[in-house]
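Visitor: Quick one, structure for this:
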Amino acid sequence: MAQANESLKQQMQGAPAGFFDIESVETSEKVIEMDVALVELEESDSSEEDEKSSSTEEESSEEEPPDLKLPGSTKRKANIQVLDKGE
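Guide: Below you'll find the predicted structure:
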């Protein structure tokens, strides 16, 4: 890995400005665009917090869940067509 980083540094020094700009995709033929979401996970250090959260979960499970509709959650009959080759 260190050798690859050193090689990249040498290539960057010899290349024209903007050659290794990963944000500029105007000249690239193939582009992969990724949407990444970062979330912070809370960690509890004490068992007291765990007990509180478990009792809260038990109380919330007794309540009726709200009617939520998620995209693509509607059940549709699959449209499958079987094509046979004529022999």
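Visitor: To what extent is E43 buried, counted in neighbours?
Guide: Neighbourhood size, E43 [other Cβ atoms under 10 Å]: 6. All C-beta atoms are positioned from the backbone trio N, CA, C, and that covers glycine.
Visitor: let's number from 6 now, not from 1
Guide: Right, with 6 as the first residue, what we last looked at is E48.
Visitor: Looking at it now. What's its pLDDT?
Guide: Here, the pLDDT recorded for E48 equals 70.
Visitor: what do you get for V30?
Guide: 65.
Visitor: Then E92?
Guide: 54.
Visitor: low-confidence ranges in this structure?
Guide: Applying pLDDT under 70 to the chain flags the ranges 29-30, 32-33, 49-70, 75-80, 91-92.
Visitor: redo that, cut-off 80
Guide: Applying pLDDT under 80 to the chain flags residues 22-38, 46-86, 89-92.
Visitor: Spell out, range by range, the helices that occur in it.
Guide: Using DSSP state H, the helices of the chain run over 7-19, 52-67.
Visitor: Now do the first one: everything it contacts.
Guide: The reference is to helix 7-19. For helix 7-19, the surrounding residues in contact (Cβ atoms under 8 Å, 6 or more residues apart in numbering) are F24, F25.
Visitor: Apply 6 Å and report the result again.
Guide: Applying Cβ atoms under 6 Å, 6 or more residues apart in numbering, the contact partners of helix 7-19 are F25.
Visitor: Please save the CA atoms from that helix in PDB.
Guide: Extracted C-alpha coordinates of helix 7-19, given in PDB (Å, rounded to 0.1, in the frame of the first residue of the first chain):
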ATOM      1  CA  ALA A   7       2.800   2.400   0.900                       C
ATOM      2  CA  GLN A   8       4.500   1.600  -2.400                       C
ATOM      3  CA  ALA A   9       1.300   2.400  -4.300                       C
ATOM      4  CA  ASN A  10       0.900   5.700  -2.500                       C
ATOM      5  CA  GLU A  11       4.500   6.600  -3.300                       C
ATOM      6  CA  SER A  12       3.900   5.700  -7.000                       C
ATOM      7  CA  LEU A  13       0.800   7.800  -7.100                       C
ATOM      8  CA  LYS A  14       2.600  10.800  -5.600                       C
ATOM      9  CA  GLN A  15       5.300  10.500  -8.300                       C
ATOM     10  CA  GLN A  16       2.600  10.300 -11.000                       C
ATOM     11  CA  MET A  17       0.800  13.300  -9.600                       C
ATOM     12  CA  GLN A  18       4.000  15.400  -9.600                       C
ATOM     13  CA  GLY A  19       4.600  14.600 -13.300                       C
END
